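> Based on what follows, work out the 3D shape:
(chains A and B)
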Amino acid sequence: MTEDELRAAFARHESLTPPVGPLRAAVDRIVVRRRRRRRRLRVGAAALAVLGLLGIAVPRVVPSLGGHTAAAEFPADRVAPRGVLNVLLVGVDGAPDSRVRGADFVPRADSVLLVHVPADRSRLYLVSLPRDLMVAIPGHGTQKLNSSFQLGATASRPDLRRGYDLTRRVVADTTGVRIDAGAVLTYPVLRRLTDGVGGVEVCLPEQVRSVHTRRVFPAGCQRLDGTGSVDLLRQRYGMTWGAQDRDRNAQRYAAGLVRQLGSGDTLRNPVALSRLLVALGPDLVADTGEASLPELLTRTVQASRAAPVGLVLPTVEAPERPGSTVLDERAAPAFLSALRQDRLAGWVAANPDRVTALGAQR
Amino acid sequence: MTYEEFADSRLTALLRYAVMLTGDPHQAQDLVQDTMVRVQLNWRRVARAESPERYVRRMLTNQYVDWRRGSWMRRVLLRGEPEESAPQATDHAQDAVERDQVWSWLARLPRRQRASLVLRYYEDLPDAEIAEILGCAVGTVRSSISRALATLRAEHVEVCS
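Numbering: from 1, shown residues only, chains lettered A, B, ... in the order given. Next up is the predicted model:
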């Protein structure tokens, strides 16, 4: 047999080649499934840590626990690294649907919240950073804080992780605070988190009317489900202080979430907790920094002996750029150095008028 | 180059190559599918290669050569789908017989030898490139091709004499 016969045999069998269309679709389907699974495994532990940061601290101080304390589950005497903990929570205005390929929507940071856990673990401080704050964004000059997420996320295609990384860097540069851990909260994540813990009670000082759904959130305390919470947290138009009022509502929501996690069953019931983590699963981008999970939990177990304190980074309207803000030269330096040096309790005592009323304090 | 561009331009050629390797459209589909899933998941690494196409062809060839019972081979064999897309012989009966013969002789070759035959006589690649794809020396490529040809010629003589 000659080599030409062999060539001919191959050439004749080319007709066996099946069409590529279905094959390509099958490959894409499998890839989506594997990516989702990979991401879910990766964020599982991180999500647990963030929930721990937000809430595990609380059961210890809620009197209704009847002896079943968080300290019993996470013995604080094992390792008790003492030190300040700063957690960055970035709420973004919607997320690219991971199932729609080529979605070119890039989210921006709606609200940026720094959760500060002091070394003495006396309470949680929720520090809002105004989205309109003019900040130096590495590689992009001076822009509003909310675009740091967008600029980071656009580097390749919408990528929450990169958006978070750039925002984290900008916040660390601006405030001089070391950020130990963090998470990105998209609307779907917020909705599922809220529903997963059984709703969150939010206490509003004044009525809020949704420009998106026309829903009216009355003044006073109310329990909101996931959809309601997202709706409330999107509102800034028609409020006295616009975006700053929205930041305060985000603090009120976070305080309610902490209360709910402390009083609810979620954190003590492994089944409920794992169901919640699966629900948050693929969309939650979280960062536990260099700390391991037990370390983070141990460090936060004692974090809250009292209700959280809501604060806003002191800013003033930029004189030459209406609609954006810059650091308040009078108040900000003292506030930031108190934050960096873990002396916020003293600062709060001296500036009671700058504390957000979170409502339903215990 | 993005994964999409790569798939647009190269997928058909890869699938044809897989048909020549496996001799069966269903096995070829599964072989390419498994490879392309890995290609897409690791696209950044693939795209960094000097020639992504050669890199992917190497991945696919390795997967074919290293196939073990229990991996994709078993899934193919146990699936039991009808051979609806296998075209029937349409030309002369003699051609069909000959085609089946050469094809079945090829199927009996060790996979490495068959891969080197496909790379030389179907893909028309120089021996150096074949050696790179198979991850062996040029001398090894030449000897395995000549051994494969010797086996095929022996079969041929047996049938025709």
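> B:Trp105 contacts B:Ala154, correct?
No - assessed by Cβ atoms under 8 Å, B:Trp105 is found out of contact with B:Ala154, at 9.4 Å. (Each C-beta comes from the backbone N, C-alpha and C, glycine too.)
> out of these two, which sits in the more crowded spot?
B:Trp105 (20 against 12; other Cβ atoms under 10 Å in any protein chain shown).
> what about the residue lying closest to that one once chain neighbours are set aside, neighbour count?
Spatially, and ignoring its direct neighbours in sequence, B:Trp105 is nearest to B:Glu155 (4.7 Å; Cβ to Cβ, 6 or more residues apart in numbering or on different chains). B:Glu155 is flanked by 18 other residues according to other Cβ under 10 Å.
> B:Glu155: which element?
helix B:138-160 (DSSP states H and E).
> Buried residues in that helix, which are they?
B:Thr140, B:Val141, B:Ser144, B:Ile145, B:Ala148, B:Leu149, B:Thr151, B:Leu152, B:Glu155, B:His156 (16 or more other Cβ atoms under 10 Å in any protein chain shown).
> So which residues of chain B form helices?
Using DSSP state H, the helices of chain B run over B:3-22, B:25-41, B:43-48, B:52-65, B:72-79, B:93-108, B:111-117, B:127-134, B:138-160.
> follow-up on the earlier one: save the buried residues of helix B:138-160 as a markdown table, and put in pLDDT too.
What follows is those, written out as a markdown table (pLDDT from 0 to 100):
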| residue | pLDDT |
| --- | --- |
| B:Thr140 | 92 |
| B:Val141 | 93 |
| B:Ser144 | 92 |
| B:Ile145 | 93 |
| B:Ala148 | 92 |
| B:Leu149 | 91 |
| B:Thr151 | 89 |
| B:Leu152 | 87 |
| B:Glu155 | 80 |
| B:His156 | 75 |
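> what's the closest of those residues to chain A?
B:His156 (4.1 Å; Cβ to the nearest Cβ).
> What distance do you get for that closest one to A:Thr2?
10 Å (Cβ to Cβ, to the nearest Å).
> tell me the SS of A:Pro107?
coil (DSSP: H, G, I helix; E, B strand; the rest coil).
> Can you give me the pLDDT of the residue sitting nearest the centre point of chain B?
Residue closest to the average C-alpha location in chain B (Cα atoms, centre = their mean): B:Leu21, at 2.1 Å. Per-residue confidence (pLDDT) for B:Leu21: 92.
> what's the answer for A:Asp195, then?
The model's pLDDT for A:Asp195 equals 84.
> For stretch A:314-322, give me every contacting residue.
A:130, A:132-134, A:324-332, A:335, A:354 (Cβ atoms under 8 Å, 6 or more residues apart in numbering or on different chains).
> The same query, at a cut-off of 10 Å, please.
A:129-130, A:132-134, A:142, A:144, A:244, A:323-336, A:351, A:354 (Cβ atoms under 10 Å, 6 or more residues apart in numbering or on different chains).
> Would you mark the buried spots in it?
Buried, per 16+ other Cβ under 10 Å, within stretch A:314-322: A:Pro314, A:Thr315, A:Ala318.
> again with stretch B:53-63
Applying a neighbour-count criterion of 16+ other Cβ under 10 Å, one finds B:Tyr55, B:Val56, B:Arg57, B:Arg58, B:Met59, B:Leu60, B:Thr61, B:Gln63 buried in stretch B:53-63.
> Filtering these by proximity to chain A, which remain?
Counting by Cβ under 10 Å from any Cβ of the partner chain, nothing from these sits close to chain A.
> Check pLDDT for those and point me to the minimum.
The model is least sure about B:Gln63 among these, giving it 87.
> count of neighbours near the closest residue to B:Tyr3 other than its chain neighbours?
Spatial nearest neighbour of B:Tyr3, chain neighbours left out: B:Trp43 (4.6 Å); criterion: Cβ to Cβ, 6+ apart. B:Trp43: 17 surrounding residues under other Cβ under 10 Å.
> What does the pLDDT read for B:Trp43?
B:Trp43 is given a pLDDT of 91.
> residues in contact with it?
A:Val31, B:Met1, B:Thr2, B:Tyr3, B:Glu4, B:Phe6, B:Pro52.
> One more: A:Ser210?
Applying Cβ under 10 Å, 6+ apart, we find A:Ser210 in contact with A:Val216, A:Phe217, A:Gly228, A:Asp231, A:Leu232, A:Arg234, A:Gln235, A:Tyr237, A:Gly238.
> what about the fourth one, which helix or strand?
Translated: A:Asp231. helix A:226-234.
> buried set for that helix?
Quick answer for helix A:226-234 (16+ other Cβ under 10 Å): A:Gly226, A:Gly228, A:Ser229, A:Val230, A:Asp231, A:Leu232, A:Leu233, A:Arg234.
> Next: stretch A:166-186.
A:166-168, A:170-171, A:174-175, A:177, A:179-186.
> circling back: point out the least confident one among the buried residues of stretch A:314-322.
Minimum confidence in the buried residues of stretch A:314-322 sits at A:Ala318, scoring 79.
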